[in-house]
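Colleague: Fold the following for me, if possible:
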Amino acid sequence: MRVVLQRVSRAQVTVAERVVGKIDHGLLILLGVGHGDTEAEIEWGVQKVCELRIFSDSEGKMNLSLEDVRGGALVVSQFTLYGDARKGRRPSFVDAAPPDVAERLYELFVEKLRQRGVETATGIFGAKMQVELVNDGPVTMVLEKSRIERPET
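Modeller: Numbers count the residues shown, from 1 in each chain. The predicted model follows:
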């Protein structure tokens, strides 16, 4: 699983000129699911996202978590996080999980955030989306917990 977190003062995702998900202060979460990822990786990711101390305290130090600041989360599926551009000019996406697996784990990620009390908005899995954000800081983090098992060819 690969996650790109961006601390935002606001973010929204639009599909077909309609806003489908929007948050104020919190995290924009770009979520990529890889081959071999399971519910264990999702549990790890949700815990990390909720507890990572990347929000400023009263002294301006990154000392508070998403849960501490009661921030929102906008979760957007992003298989392109598994793009491998080491060879040639066209990225390969063979390490991304198949859509049916990725969608199930993406939905589980969202559900588990909500279970922890995080106000959570989403994009639409598999849709062409426009994502707008105001990165606060800027603060951007990349998290990865990978169990890639390449499919047989």
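Colleague: hey, where'd the helices end up in this structure?
Modeller: With DSSP state H as the criterion, the chain has helices at 39-51, 66-69, 99-115.
Colleague: Can you give me every residue that contacts residue 114?
Modeller: By C-beta atoms under 8 Å, 6 or more residues apart in numbering, residue 114 lies in contact with residue 120. Glycine gets a C-beta too; all of them are placed from N, C-alpha and C.
Colleague: per-residue confidence at it?
Modeller: Taken from the predicted model, the pLDDT recorded for residue 114 is 98.
Colleague: now do the one 3 residues further on
Modeller: At residue 117 the predicted local distance difference test score is 97.
Colleague: just to revisit the earlier point, dump the helices of the chain to CSV, plus distance to residue 75.
Modeller: Listed next are those as CSV, based on distance: least, C-beta to C-beta, whole Å:
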stretch, distance to residue 75
helix 39-51, 9
helix 66-69, 12
helix 99-115, 5
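Colleague: got any ranges where this protein has weak pLDDT?
Modeller: 146-153 (pLDDT under 70).
Colleague: coming back round to it: so which of the helices of the chain is nearest residue 144?
Modeller: Residue 144 lies closest, by C-beta to C-beta, to one member of the helices of the chain: helix 39-51, at 9.4 Å.
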